Each structure stands twice: as structure tokens, then as C-alpha cells.
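Novice: Task: produce atomic coordinates for the following.
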Amino acid sequence: MGKDETSKKRRKLNTSSSSDTIKQIPVDVYKRVVEFEETEAQLRPADKDAVLFKKICQDIRDLFSDIVELKAKDTEEAKEKINAKRIEASLHLVALKKLNRLEKVRTRAGRDALHKEKQRVDSTHLLLQNLLYEADHLNKEVTKCLQFKSKDEEIELVPIEDFYKNAPIEISRQEVTKTDEHQLQLARLEWELRQRRELAGACNELVASKERVAAAIAATRSRLEALAPHLKDVLKSTKPLQECLALRLDEKRDEARAASLLPPPLFLLYANGSAYSDALGAKTVTVGISGDEDDARRLEQLSNVDTELVISNDSDSDQENNDEDRREKKKRHHRSSKISKEEKAEAKKKEVLRKHPLSVQVSVKVADGTALNLIFSYLLHLKIVVVKFTVSLPKPVTGVSAADVLNGHCILNELYPADTGNDSPHPATAYLLNNAGISEDFHYFIPEVGRPYIWAQRMCGLDFMAAILDKHKSSKVIQPSQSLSVTTVENFILTLKKRLKSRVELMKELQDLESGKIISVKGNLPLRLSGSLTQWQSVGWPEYSQSPSTANLIAESVVNNNDMLYRAIITRQSAKLVALVALRSDYPKKAPIFSLTLHWNGTHHSGINDDIRDIERMINTQWCSEDNKQTTLSLQMTKLLTYLDILLETTGSSEFPPDKVMLCPVRGRNRMKPYKFLKQGTGVFVQF
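Specialist: Numbering: from 1, shown residues only. Down below sits the predicted model:
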């Protein structure tokens, strides 16, 4: 196509379009063009436009290649051809733009059609869901109608045989009711109504009779209450006489009223403890009752009501119980869902560990005024007795380790062999805790409720071991034994007084040891000691068990973590002796156990040094004074200081000159030291 022809066509188009514009009425050209292109896009196939698009693109590439070649020639003819090809390329670009617009029109039309189809599908789906909801609602209504039960179905009517036997003829109407079930149901309901009216009349008569009896009782009670002020005046007038004769009639009367509300185990403890207190005197043993009597009275009333309910429920059928439980669960479903699992678990734990509102207090006092106060409580669900304790001191204790031996648990620990109170003696305790959904063992709750010592159970007449051994009684409720409580209360008070007295004496010894003083004990020992006690303090089980000198004692189970453990440091010049001391719970019945470590020219203990082993053997085995046969910690500490002086003075070191008379410093192949003291003259040391 030549340049002149193209210009002619343009002029023709321009003239024609201008003339049309003059002749035609002014319209929106852009709108008409858009409508024309939308119509054209619908009429023209998209695949042919795609082929045309590719062909035009290839033509543009060819024109660009020709222009590049013509530019390389750089002639006048080439320049004219370049202009012509530029115009042709521009026309091709216009054609590409039109194809692009047509494609966008097709895309927009397709998107609109897709949107309309989606709206139609959504509308149809919504209509379907509405129909499904309506059908489901209709099914539920049908189910409700089918499951509907009339009120008369909940009424337990008499059997049909009894109905025909007892009902009058005008109600039974056998000729009609035997063939028509509806008439039979109406007749049975009518007979039920008549019977209930008769019973209601009889009930009203009984209520009236009950009211008459209640009125008579009220009149009698009012007469008795009128006597109460006169009786109080009589009692008030006798108070001076009671004080003069030292009688506790009022207090005993109040205690007797409170004792009647105690559970049977605590009642046995209170009765036997009070009898023993009256025998020994209130200065030695005192017994009392503490707690809320009103709560105890309410608890007793509730237990009586529960017993009556259990008896009445036993006469009902299992089917009725199941129906009532099912209805109760339905009523409580919404309310129980508001309670969290943690709150339910906490409520269960409180119910399982619930104590009786009343408790028994027993106080045992020794001569110096030190008293151990015991509070006995009864766990209602677990059926065991727990004990809490406090110690009353006449004056404060200055030493730290001395105060520890008067701790309540330290005094009561292993009061009887192997009775530490760390677990429940009742074999059913673990089962009851698991049944309540509590995963922790009972010893986890001891700080909260108290310690269940075996002697506490026996004081209250409970013997779980006897129940286990007796197969006939193992399945029954354990009943408190009066004879067991009597013997145990007496034995316990005597044992506790002895333990408390020995702990007071031990406390005084520990106070002196903490201050660095060792009270001399009369016996076959010299009075002049060269070493000095520089430190005395209590230690824990980890520190005690990690010492090399205690390995053999722990391995042989001579010492355990229930013992009272202390560390003593004795020094003489550069020598330092560390003594780890273990006191058993029944001290002074059993002697303290010493394990020694000497720091001088190295570290020496019984595992590697014969001299230290000999000293330990003599201290731990020969612990009684020959004069008074009394075990004291001060006696052993005096012996330890003496043996340390002998050991150091027989080494031949100039640092420790001999200060004691010894016939022979060492003897035999074992180089035995003279640890035995003889009262000959001023005293002399010889070998054993």
C-alpha cells in the first residue's frame, strides 16, 4: 500500500465523517463506540482474533527489522521507505489496541456472566438450606409429638386386677372398659382420684391429731421452762459452796454436754483421758473439748436424717431410683456446667478431708513447766484420727539446735518404734482418696490436717491391724474398743512424760554445747582438758550423708534421716576434729552415734585411720558412766576431748607436749594408745 493512496483514503474518511457530523444530531460518540465494540466482540470469534494478534505481532517484528536494515543504508530512498513502514507499523499498533480492547470486553462480559451465575447458585443454595431447616424443624416437631407423655402416665395406678376387684361397679363398668382401653384409663384415673381424696381426708385427721399432741407438748414444755429460772437460781446459790469445796460442777456439766456430740473414737479418748487426769491431777494432764458445738449438733442431725433416708430408699425399687437420678441430672445439668473442674476437685478434696467440728485437747506437763499440747481431730470420711501439736515453754530457748529438740514433731517422732506419723494406718485410705479423684498420697495433706500416729488411733480405741488380721471383721465397720483405749491412754501419757522430760534435759545440754561449755560429769575421767569446743550446730541429712566418715553407719542402717543430726568442731592448736553426732528419737535410751574426722597433717577418718576408729568404738560402745550408769551427751563429749588429747600427745609432736600421765604411749603391733583412765594417785592412762 503506497503513501499517496493512504492519504487519499484518510481524506475521504475525514470528509465523510465531518459531513455526517454536520448532518446528524449530536450523540455520545464514546458510548456508541463502546456499544459497537461490545457488539463486535460478541460477533467476532476469540480464536480468530488470537491468530490475527499473532500475525500482526509478526508483521510488526518484520517492519522493525526492515527499518533497521534501511537505517543502515542511510539513503534518501531508504528514508522514504522508513517513513512508510513507520506509518504501517503505527496502523498495526492501532489494530493491536483494538484487539486488546475487544479481549477486555470479552473478559468483562465473561466475568459478569460468571457473577450472575454465582448469584443464581447462591440463591438456589439458600433456598435449599431454608427447605432443609424447615424439614428438620418439622421432624423435631413430629418427634416431640410422638414422645409426648401425658401427666396421667406419670401416675402409678393400681394394677388392673386390683382395680376390678376393689372399684365399685359404677366406676369399673366392666362391660365397657374391657373392650375400650381409653374408657379403662379414665375409669382407673377416677378410682385413683377417689382413693386420694379419702387418703387426704385421713391425712388431715392425723395432722389435726398431731397438732393437738403438739399443743399438749408445748404446754408441758412451757411449764418446764418456767422451772428453769428457779433451777438457775438454785445453781447460782450453790456456786460459793462449789468454790469452797473446789468443785467443777458447771464446767463438767458443759464438758459433758459437748462430749455427747463427739464421735465415738474421740469420746473414748475424752472419757479415759479425763479419768486419768482426775487420777494424776490437772497440773500434770489436762483434757478439754474445743470446736463449734452448733456445727456438731447440725452434723449429728444431718447424719440422723441421712440414716432415715437410706432406710427409706432401701424399700424403693431400683427402677424408681434410676428414674429419679435421671430427672435430677436433667435438672442440674445447666447449673453444674457452670462449675469448673478445679472447683469440683477442690470441693471433693475438702469433703474427703473434712473434720468433725469438735476436737479433744490433751496437754501433758512436766515439772519445769514445759507442756506439749495435742489436738485430736476425727476425719469423717477417712475414719482416722489426726493429731496437731504445739509446745508451751516456761521461758524462751536461746540455742537454735536446742529449740529444735522441743519441736512437737521431733518429740512425737517414733514415740513408739517405727511410728513416724507420715502415712495413714488405715488400709482403705488410698482407696478412698482414689475413689474421690485425688491422685496425691495422704502424706501430701499432713501439713493441712495433722499426723495420723498409730498411738493416736489406739488411744481412741481404733486398731486397724487387728481388723486386717481378723477376716470376719475386715468387711465390717471398725468399732472403737474401750479396753484398748484405756490401756493405751495410760501408757501413752507415761511414755510422753518420760520423753518430754528427757528432751528438756537434752535442750539444756545443747544450750551449753552451743555456748561452748561442756558440763563435767562425775566419773573416771580427768578434769583438765586441753582442747576446746568451738562450734556446735545442727546439720541436715544431705550434709551428714555426704561425709566419708558416715558411709559405714548409713550402709549398716545405724543412722537414718529420722535422727537428730549435729556437727561439733573441737580444736587444739592446729588440730581440728569434726564430729558428726546422730541422736536417736528415744535418746537417752540409746546412745548418740559419733563419726569423727581429724584435720591435722592431712585428713583422717575411721575408714583410713585405726586411731580414729578406736576412738569411735570406745565412745559409741562404752557410753555409760560407771558411777551412775547414766547416758549423757556431755559425758561422751568429755570422753571425746580426753581421747583427742591422748591421740595428739602420743604422736611425739612438739606442738602437743604430754600433759597426762601415761605408763606406755603406745603398745603392741597395732600401736594402741592408752585411752583407759585409772584413778591411781592423780590419775594414769593405760591401754584397754
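
Novice: low-scoring stretches of the stretch 401-550 of the chain, by residue?
Specialist: Counting by pLDDT under 70, the stretch 401-550 of the chain contains low-confidence residues at 465-477, 520-527.

Novice: Could you tell me which residues make contact with the residue nearest to residue 688 when sequence neighbours are not counted?
Specialist: Leaving aside its chain neighbours, residue 688 sits nearest to residue 676 (5.0 Å; criterion: C-beta to C-beta, 6 or more residues apart in numbering). In this view, the C-beta of every residue, glycine as well, is placed from N, C-alpha and C. Each residue near residue 676 by C-beta atoms under 8 Å, 6 or more residues apart in numbering is listed here: 685, 686, 687, 688.

Novice: In space, what's closest to residue 643 - neighbours in sequence excluded?
Specialist: For residue 643, ignoring the flanking residues on the chain, the nearest one in space by C-beta to C-beta, 6+ apart is residue 615 at 4.7 Å.

Novice: Correct me if wrong: the one you found contacts residue 642.
Specialist: No: if you go by C-beta atoms under 8 Å, residue 615 and residue 642 don't touch, sitting 9.9 Å apart.

Novice: neighbour count winner among these two?
Specialist: Neighbour totals were compared for residue 615 and residue 642, and residue 615 leads with 26 against 21 (other C-beta atoms under 10 Å).

Novice: got the contact list for the more buried one?
Specialist: The neighbourhood of residue 615, defined by C-beta under 8 Å, 6+ apart, consists of 596, 640, 643, 644, 647, 675.

Novice: Can you mark which positions in stretch 78-91 are buried?
Specialist: 78, 81, 82, 84, 85, 88, 89 (16 or more other C-beta atoms under 10 Å).

Novice: Okay, and which of those map to helices?
Specialist: Counting by DSSP state H, the members of the buried residues of stretch 78-91 that fall within helices are 78, 81, 82, 84, 85, 88, 89.

Novice: Tabulate those residues in JSON lines, adding columns for pLDDT and distance to residue 232.
Specialist: Converted to JSON lines, those look like this (pLDDT from 0 to 100; distance: C-beta to C-beta, whole Å):
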{"residue": "78", "pLDDT": "84", "distance to residue 232": "144"}
{"residue": "81", "pLDDT": "86", "distance to residue 232": "143"}
{"residue": "82", "pLDDT": "87", "distance to residue 232": "139"}
{"residue": "84", "pLDDT": "89", "distance to residue 232": "140"}
{"residue": "85", "pLDDT": "86", "distance to residue 232": "137"}
{"residue": "88", "pLDDT": "88", "distance to residue 232": "135"}
{"residue": "89", "pLDDT": "87", "distance to residue 232": "131"}
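
Novice: can you redo these as TSV with distance to residue 501?
Specialist: Written out in TSV, the entries for those read as follows (distance: C-beta to C-beta, whole Å):
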residue	distance to residue 501
78	135
81	135
82	131
84	134
85	130
88	130
89	125
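
Novice: Show me which of the residues you listed is closest to residue 608.
Specialist: Top of the list for closeness to residue 608, among those and by C-beta to C-beta, is residue 89 at 109.4 Å.

Novice: Can you tell me how far the closest one is from residue 67?
Specialist: Taking C-beta to C-beta, to the nearest Å as the criterion, residue 89 is separated from residue 67 by 8 Å.

Novice: Quick test: name the residue nearest the centre of the chain.
Specialist: Here the mean C-alpha position of the chain is nearest to the C-alpha of residue 440 (C-alpha atoms, centre = their mean), at a distance of 6.7 Å.

Novice: Would you confirm that it belongs to a strand?
Specialist: No: the secondary structure assignment for residue 440 gives coil rather than a strand, going by DSSP: H, G, I helix; E, B strand; the rest coil.

Novice: Once you drop chain neighbours, what's closest to it?
Specialist: Counting by C-beta to C-beta, 6+ apart, residue 440 lies nearest to residue 433, which is 7.4 Å off, once chain neighbours are set aside.

Novice: got the contact list for the one you found?
Specialist: Contacts for residue 433 were tallied using C-beta under 8 Å, 6+ apart; they are 352, 440, 441, 442.

Novice: ok so residue 479 is a strand residue?
Specialist: No: secondary structure assignment (three-state DSSP) places residue 479 in coil, not in a strand.

Novice: which residues does it contact?
Specialist: Neighbouring residues of residue 479 by C-beta under 8 Å, 6+ apart: residue 264.

Novice: so how far is residue 464 from it?
Specialist: 12 Å.

Novice: and if you look at residue 439?
Specialist: Residue 439 sits 23 Å away from residue 464, going by C-beta to C-beta.

Novice: okay, these two: which has more neighbours?
Specialist: Neighbour count, other C-beta under 10 Å: between residue 439 and residue 464, residue 464 has more, with 20 against 8.

Novice: Output the below-cut-off pLDDT ranges for the stretch 1-150 of the chain.
Specialist: For the stretch 1-150 of the chain, the ranges with pLDDT under 70 are 1-27.

Novice: Okay, helices next: where are they in it?
Specialist: Under the criterion DSSP state H, counting those that start in this stretch, helices of the stretch 1-150 of the chain are mapped to 3-23, 29-43, 46-73, 76-147.

Novice: What are the buried residues along the second one?
Specialist: Buried residues in helix 29-43, counting neighbours by 16+ other C-beta under 10 Å, are found at 38, 41.

Novice: how big is the angle separating that helix from helix 76-147?
Specialist: Counting by axes from the mean of the first three to the mean of the last three C-alpha atoms, to 10 degrees, helix 29-43 lies at 70 degrees to helix 76-147.

Novice: Direction-wise, compare helix 29-43 with helix 46-73 and give the angle.
Specialist: Computed by the same axes, to 10 degrees, the angle between helix 29-43 and helix 46-73 is 110 degrees.
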